[in-house]
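Enquirer: this one's sequence-less:
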C-alpha cells in the first residue's frame, strides 16, 4: 500500500473574505432513494450469472410447450393423454401453471433472488458503498426488492403468455376459453413472486446462510405443512396462493390427495389480504433488521 | 438503467402485450380459426355447417381390412348385400374405392319436409369420375354442372307403371377424390358456401372439443343429444325420465376386437350424477342377465364407467377371444336348426271333484 507525503510546494489557503461554499446536499426522500437503488440494481440483477439460471428455469416450460405445439402441428402427438384419456390443452396449461410455476418456479426464483438482495452485497463486500450513502438502509432494501420484482415479473409473465399461446389450443382447446384463467394466473404469479421475494429478503437480511434456509423452507416446510392436518398450513405462502388458483388441482399425486382430505381453502379476498399483509410485514421486518444489524465483512 | 436493460424490458413487455392482445381478440371472438387452433378431425369438416346436429366419421379402409370384420364374416355377420346395393345405386365400391367417410345431419331435420334429405355423406377415396358418370347415365340419371361442380341426380323407378322421376338424392364431385352424397338442396348449399366465408363445424368449439377426443377412433359420431332423441320419437314418459343431456359422443376403435366409448355431457352436475346412476343400474341389470352365460361374462371385466362433473362416460371392449368364443355357438343356432322337441300333450288340469 503506498503512502503519501505532504507536498511542501502546495500553498495552503489563507484566511480571507468568506467565500460561498458548496451547498450541503440534502439526503433524498425515501421513495427517491429507493428508486435510485432500484435503477442501479436492476441492470446488475438482470445481467448477472443468475440470469442464465433464470433463463433456463423459465425457458424449460416454454420449450416444452413449443415442442408439444410443433408435434401437434405435424400430427405426431396423437393428443396428450393421461391414463389413456385425451387431455385438452386448457388442462395441460393449468397443470403446468400449478405444478411448474406456482409450486416450483416461483419459490425457486424467490429463494435465489430474494436471499441474495443483501447477502450478495455482504459477500462481495460492496455493502459499505451502499450504506455510506446518505440514504436510509431501508430504502436500499426496498429498491433492491423492487428490482427483484421487476426482473422476475418481466421474465416469468411473458413466458407464461407464450406458453398459453402454445399449449392452450392443443386438443382443440380455444384461446378464448382460457383467457380469463390466464389473467388470473398472471396476477397470481406476480403476487406469488412478490410474496416469496419479501419472505426470502427477510431471511437474507437476518440469517447467515440464507440460501440453505430458503430452500429448506420452500421445499421442506411448505410441502410438509400443506399435507399436515391442522393449522400449520396457515404458516405457508402456498396455502394462500392455492386458494387463488383458477384451475382444479391435479389429483393424481399422493400430496394432492392428502391435501384434498384436509381441504379448507380460504376465500380469495382473505387470501389476497393475508398475502399483501405478509409482503408488508416481511419487508418492514427486513428493513428494520438491515437498519439495526451491523454487517461484519470477513477479510 | 443501461440501454441493454431498457431494450430487454421493452422486448419483454412487447411479448407480454402482444400475447395478451391475441388472447383478448380470441376472447371477443375475432380470432381466425386455424391461426392458433389445433386442427383436429378430418379435413372434410370444412364442408360441415357450424349448426350440424350430428357429425360422424368412419375410416372405411381400416374397418374393412380389420380382423374383426374378417372374423364376423366367417360366421355370416356382415354380408355383401348392402355393399352391392350401394354400388348399384352410385357405382361406388365401398371396399375398394372409399378411404373414409364423414357424414352429418343438419339441425333442421325435424322441420324439414318428409322427402327432403337434410344430411350428407362425404366420401374420400379414389373415384373414376368418368366411369361413375357413364354408369349414372346408363342408369338414367341426369348430370348437370353446378358452379363448376358435376352433379349427378339419379332417377328412380318407384311406381308400378315404370315412370321415372328424380328424387332429392344427388351425388357431386366436390374435389379430386371427394364425393358428396346427400340431399340435392344440401349439396347445392354446400357448393354455394364453399367459396364464401360461411362458418363451418370447425367454428363450433363444443363440437370440435368432442371431435378432438376421437383421434384414435376408427369410427365416431358426435352431436347434440336433442337431435337424436327427437328423431327416435321416444314415449313422453321415457323422455321425461332421461336426464337433460346436451352433447354425446360415441366412438369405436376397431382392430382385432372393438373398443367402444360412449360419452355424454349433461346440463348440470346433478343430471350427470343421475345419469351415472341410471347407467350403473343398466350395467348391473345386464350383468345379472348374463349371469349364466360364460361368454357374456367374459365381456364384463372390460366395462368401465367414468366421467367427472357434467361428463358421463362408458367404455367397453369386445375382444377377439370373445368373438371366437361366440362363433361356434352362432353357427350351431343359425346353421343347422335343431329338430323341434315333441309337444307335450295338453292336459287340462281340472280339480278333482
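Expert: Sure, I can see it. Fair warning: this is a prediction, and the values are worked out from it, not measured in the lab.
Enquirer: could you pull out the strands for the stretch 101-250 of chain B?
Expert: For the stretch 101-250 of chain B, the strands defined by DSSP state E, counting those that start in this stretch occupy B:119-125, B:142-146, B:149-153, B:155-157, B:164-166, B:169-175, B:178-183, B:219-224, B:245-254.
Enquirer: mean pLDDT lowest for which of these?
Expert: In terms of average pLDDT, strand B:164-166 trails the rest of these, at a mean of 52.
Enquirer: ok, back up a step: to chain A, which of the strands of the stretch 101-250 of chain B lies closest?
Expert: Evaluated with CB to the nearest CB, those place strand B:245-254 nearest to chain A, the distance being 10.9 Å. No exception for glycine: its C-beta is placed from N, CA and C like everyone else's.
Enquirer: for the next helix-or-strand element following the closest one, what is the average pLDDT?
Expert: Downstream of strand B:245-254, the next assigned helix or strand under DSSP states H and E is strand B:258-266. Mean per-residue pLDDT for strand B:258-266: 82.
Enquirer: And strand B:258-266, what does it pack against?
Expert: Under the contact criterion of 3 or more CB pairs under 8 Å, 6 or more residues apart in numbering or on different chains; DSSP states H and E, strand B:258-266 touches strand B:245-254, helix B:269-289, strand B:311-318.
Enquirer: For chain B, name the helix or strand with the lowest mean pLDDT.
Expert: Least confident helix or strand of chain B, by mean pLDDT, DSSP states H and E, is strand B:164-166 with a mean of 52.
Enquirer: Could you list the residues of the stretch 151-299 of chain A in contact with chain B?
Expert: A:154-155, A:157-158, A:161-162, A:164-165, A:168-180, A:182 (CB under 8 Å from any CB of the partner chain).
Enquirer: returning to what we had before: could you dump the helices and strands packed on strand B:258-266 to CSV with mean neighbour count and distance to chain A?
Expert: CSV is the format used below for these (neighbours: other CB atoms under 10 Å in any protein chain shown; distance: least, CB to the nearest CB, whole Å):
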stretch, mean neighbour count, distance to chain A
strand B:245-254, 20, 11
helix B:269-289, 14, 13
strand B:311-318, 19, 8
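Enquirer: for the chain, which helix is longest?
Expert: Let's take chain A. In chain A, with assignment by DSSP state H, the single longest helix is helix A:137-167.
Enquirer: nope, chain B
Expert: Max-length helix for chain B by DSSP H is helix B:3-27.
Enquirer: list the buried ones in that helix?
Expert: Across helix B:3-27, burial judged by 16 or more other CB atoms under 10 Å in any protein chain shown covers B:5, B:8-9, B:12, B:16, B:19-20, B:22-27.
Enquirer: Equivalent analysis for stretch B:143-154, please.
Expert: Residues of stretch B:143-154 classed as buried: B:149-154 (neighbour count, 16+ other CB under 10 Å).
Enquirer: Check what pLDDT whichever residue of the stretch 151-300 of chain B sits closest to chain A gets.
Expert: Of all residues in the stretch 151-300 of chain B, residue B:212 sits closest to chain A, at 3.5 Å by CB to the nearest CB. As predicted, residue B:212 sits at a pLDDT of 72.
Enquirer: doesn't residue A:88 make contact with it?
Expert: Yes. Residue B:212 lies in contact with residue A:88 (CB atoms under 8 Å); the separation is 7.3 Å.
Enquirer: hang on, the earlier thing: nearest to residue A:56 among the helices and strands packed on strand B:258-266 would be which one?
Expert: strand B:311-318 (38.5 Å; CB to CB).
Enquirer: Between residue B:212 and residue A:88, which is the more surrounded one?
Expert: More crowded of residue B:212 and residue A:88, by other CB atoms under 10 Å in any protein chain shown: residue A:88, with 24 against 21.
Enquirer: Can you tell me how far residue B:42 is from chain A?
Expert: For residue B:42, the distance to chain A (CB to the nearest CB, to the nearest Å) stands at 12 Å.
Enquirer: so what's that residue up against?
Expert: Going by CB atoms under 8 Å, 6 or more residues apart in numbering or on different chains, residue B:42 touches B:57, B:100, B:102, B:124.
Enquirer: Could you provide the residues you listed in CSV, with additional columns for neighbour count and distance to residue A:287?
Expert: Converted to CSV, the contacts of residue B:42 look like this (neighbours: other CB atoms under 10 Å in any protein chain shown; distance: CB to CB, whole Å):
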residue, neighbour count, distance to residue A:287
B:57, 24, 65
B:100, 19, 69
B:102, 23, 67
B:124, 19, 70
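Enquirer: Which one of the residues you listed is nearest to residue B:136?
Expert: Comparing those against residue B:136 with CB to CB places residue B:124 closest, at 19.7 Å.
Enquirer: List the beta-bridge partners for the closest one.
Expert: Beta bridges link residue B:124 to residue B:100, residue B:178 when assigned by DSSP bridges.
Enquirer: Would you agree it is in contact with residue B:101?
Expert: Yes. Between residue B:124 and residue B:101 there is a contact under CB under 8 Å: 7.3 Å.
Enquirer: Tell me which of the strands of the stretch 101-250 of chain B lies nearest to residue A:129.
Expert: So among the strands of the stretch 101-250 of chain B, strand B:245-254 is nearest, using CB to CB, at 66.8 Å.
Enquirer: can you list contacts of the closest one?
Expert: B:62-63, B:66, B:68-69, B:206-207, B:210, B:213-214, B:216-226, B:228-229, B:258-267, B:271, B:275.
Enquirer: what's near enough to touch the closest residue to residue A:128 other than its chain neighbours?
Expert: Nearest residue to residue A:128, sequence neighbours excluded (CB to CB, 6 or more residues apart in numbering or on different chains): residue A:297, at 7.1 Å. By CB under 8 Å, 6+ apart, residue A:297 lies in contact with A:122, A:125, A:127-128.
Enquirer: Buried only: go through those residues for me.
Expert: Here, 16+ other CB under 10 Å leaves A:122, A:127 buried among the contacts of residue A:297.
Enquirer: would a markdown table of the contacts of residue A:297 with pLDDT be doable?
Expert: Shown next, in a markdown table, are the contacts of residue A:297 (pLDDT from 0 to 100):
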| residue | pLDDT |
| --- | --- |
| A:122 | 80 |
| A:125 | 80 |
| A:127 | 81 |
| A:128 | 82 |
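Enquirer: Which of the contacts of residue A:297 fall in strands?
Expert: The members of those all map outside strands under DSSP state E.
Enquirer: List just the nearest of the contacts of residue A:297 to residue B:240.
Expert: Out of these, the member with the shortest distance to residue B:240 (by CB to CB) is residue A:122, at 76.3 Å.
Enquirer: Am I right that the closest one is in contact with residue A:293?
Expert: No. Using CB under 8 Å, residue A:122 is not in contact with residue A:293, being 10.0 Å away.
Enquirer: ok, and the closest non-adjacent residue to residue B:319?
Expert: Once flanking residues are discounted, residue B:319 sits nearest to residue B:257: 4.5 Å by CB to CB, 6+ apart.
Enquirer: I meant to write residue A:193 there.
Expert: residue A:152 (4.9 Å).
Enquirer: hmm, who's touching stretch A:55-67?
Expert: Taking contacts as CB under 8 Å, 6+ apart, the residues outside stretch A:55-67 that touch it are A:96, A:100-101, A:105, A:108-109, A:155-156, A:159, A:162-163, A:166-167.
Enquirer: in that stretch, what's buried?
Expert: A:57-58, A:61-62, A:64-66.
Enquirer: Quick check: mean pLDDT of that stretch?
Expert: 87.
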